[in-house]
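1. Sequence first, predicted coordinates after that:
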Amino acid sequence: MHRHLAPLLLGMVLVFHSHGAMGQTQWMDWTALTNPSGPTAVSGVLGASGITATMSSTGNSATIYGPNTFIDNSYDWATNSYTPMLVGSDGLYLENLVANSDDTWTIEFSQTVYNPTFHVFGLERTYTFNDAISVISANRFDYSLSDNSITATAFTTLHGTLQMSGAFDSITIVASGISNNGHNRDAIYFQLGASAVAPDADEDGINDFADNCTLVSNPDQRDTDNDGQGNICDFDYNNDCVINFLDLAALSFAFGSIVGDQNFDENIDLNEDGVINFLDFGMPPNNFETYFNGPPGPSADQCMDMT
């Protein structure tokens, strides 16, 4: 079974976002374990993590050209002829030889990886990742015309960085749609990176895919109303997913109360000292004012209106 935790796919971007202790991105070395003996499977290892990956293909003509293998009959625009092309050691080249047919490639990891990153240096056609996001070619491949090698340094254009956010045991890539520019040969060339460590933005020992308050440290994960939003970043006392005057009214009603009082509310006792006072407004930037007119959290669980 393929497991996808919090599979939020952010799309083709050219920037990286840093969120504290996210874990360092490592890159797949497809030569580390097995060079492919044929066009249907290749394996490798993720940096120094020891996590292995196997990529396999299915479909009418889905092929994988791994490191140091030749792509037969690649078109050389410089000479206006077909010539063999060598795949470099820094990526994989996926190809479909039947126009307008759907083919699938699957990457299986030996253990969960986090926030996979694809550096896409060239593509033709439409490629869909995990049924959620598609990338479409705008240009044909750029590769070194001097030695006909297809390596990252040989490309003149980084078409984009596909940043996938979440935890993944596998990634599926599907080629679909109409052949680009009417050519039969449709392909994508990429490098793959990922983190072997789950991100923990607030460094409280709870990874972001389980943390009920991802940006404010709360190792106790206290959540007295069981709404999936940790008390330390949950000023939404009526659970309608927005902090507003209704929540201010609830805080005002409970203000000055102590444990045992009829108007005491443990959901409002932010610091768990048994009394509701100014300390329970929080301290900037994690305070009632900062959250006003916004949602609680953020949390690994999406806020659900429970009113």
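-> Received the coordinates, thanks. Numbers count the residues shown, from 1 in each chain.

2. for stretch 51-61, which positions count as buried?
-> 51-55, 57, 61 (16 or more other CB atoms under 10 Å). In short, each C-beta sits where N, CA and C put it, glycine included.

3. Can you tell me what sits against that stretch?
-> For stretch 51-61, contacts defined as CB atoms under 8 Å, 6 or more residues apart in numbering pick out 28, 33, 39-46, 63-64, 92, 94-98, 101-111, 113, 175, 192, 196.

4. Now, of the residues you listed, which are buried?
-> 28, 39, 42-46, 63-64, 92, 94-96, 98, 103, 105, 107, 109, 113, 175, 192, 196.

5. which residues of the stretch 101-250 of the chain fall in strands?
-> 103-123, 126-129, 133-136, 149-150, 160-176, 186-195 (DSSP state E, counting those that start in this stretch).

6. next one: phi and psi at residue 237?
-> phi -80, psi -20 (degrees, to the nearest 10).

7. And it, how close does it get to residue 111?
-> According to CB to CB, to the nearest Å, residue 237 stands 40 Å off from residue 111.

8. so how many other residues sit close to residue 50?
-> By other CB atoms under 10 Å, the residues close to residue 50 number 10.

9. ditto for residue 252
-> So residue 252, with other CB under 10 Å, has 11 neighbours.

10. next one: the one 5 residues further on
-> The tally of other residues near residue 257 (other CB under 10 Å) stands at 18.

11. Equivalent analysis for residue 288, please.
-> 15.

12. For it, what are phi and psi?
-> phi -60, psi -40.

13. Isn't it up against residue 243?
-> Yes: Residue 288 lies in contact with residue 243 (CB atoms under 8 Å); the separation is 7.0 Å.

14. who touches both of these two?
-> residue 235.

15. tell me the contacts of residue 301?
-> Going by CB under 8 Å, 6+ apart, the list of residues near residue 301 reads 212, 228-229.

16. Kindly recompute the last result at 6 Å.
-> The neighbours of residue 301, taking CB atoms under 6 Å, 6 or more residues apart in numbering as the test, are residue 228.

17. Count the neighbours of residue 171 for me.
-> Residue 171: 22 neighbours (other CB under 10 Å).

18. Let me know whether it touches residue 107 as I believe.
-> Yes: taking CB atoms under 6 Å as the definition, residue 171 is a contact partner of residue 107 at 4.6 Å.

19. Mind picking out the helix or strand in the chain with the poorest mean pLDDT?
-> The helix or strand of the chain with the poorest confidence is strand 4-13; it has a mean of 32 (mean pLDDT, DSSP states H and E).
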